[in-house]
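> Pasting a predicted model and its sequence here:
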Amino acid sequence: QVQLVESGGGLVQAGGSLTLSCAASGRTFSRYVMGWFRQAPGKEREFVATISWGGAGTYYADSVKGRFTIARDNAKNTVYLQMNSLKPEDTAVYYCAAKTFGAGTSSRAYEYNYWGQGTQVTVSS
């Protein structure tokens, strides 16, 4: 069983920055592909970013590329999402997810088998 706990959400003005953290339980965190997803009110959950086991492989949604950075610290069982140049359309609940089977990164939510409870990010204009 893997537990994921997100933190770092909040209210920020457009153009500002936030860093989300996701702390994971489990002894094999370094073998989890990790991802960040988000869901805005009235919209479906969408992919944001994913990172490979060792952190060398990352992949981003086009909407956040160049503004967001995903990183991980396997010694701390934690994955991060650094969000810069935030826009009002980034407002959503952000979810951390773990894919514990297979080494490949993925943008598909159904491939992730553990999810956090989410943290709210609100960007004001």
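Everything's here; your move. Numbers count the residues shown, from 1 in each chain.
> what sits opposite the nearest residue to Ala92 once chain neighbours are set aside in the beta ladder?
Sequence neighbours aside, Arg38 is the residue nearest to Ala92 in space, at 3.8 Å (criterion: Cβ to Cβ, 6 or more residues apart in numbering). C-beta: built from backbone N, CA, C; applies to glycine. Applying DSSP bridges to Arg38 gives these bridge partners: Glu46, Tyr94.
> For Arg38, give me its contacts.
Contact analysis of Arg38 by Cβ atoms under 8 Å, 6 or more residues apart in numbering lists Arg45, Glu46, Val48, Asp90, Ala92, Val93, Tyr94, Tyr95, Val121.
> Give me the distance between it and Phe101.
23 Å (Cβ to Cβ, to the nearest Å).
> Ok, Ala75 next?
From Ala75 to Phe101 the distance is 23 Å (Cβ to Cβ).
> Looking at the two, which is more packed in?
Neighbour count, other Cβ atoms under 10 Å: between Ala75 and Phe101, Phe101 has more, with 11 against 8.
> That one and Ala61, how far apart?
Separation of Phe101 from Ala61 (Cβ to Cβ) stands at 22 Å.
> middle-most residue in the protein, spatially?
Nearest to the geometric centre of the chain sits Trp36, at 2.3 Å (Cα atoms, centre = their mean).
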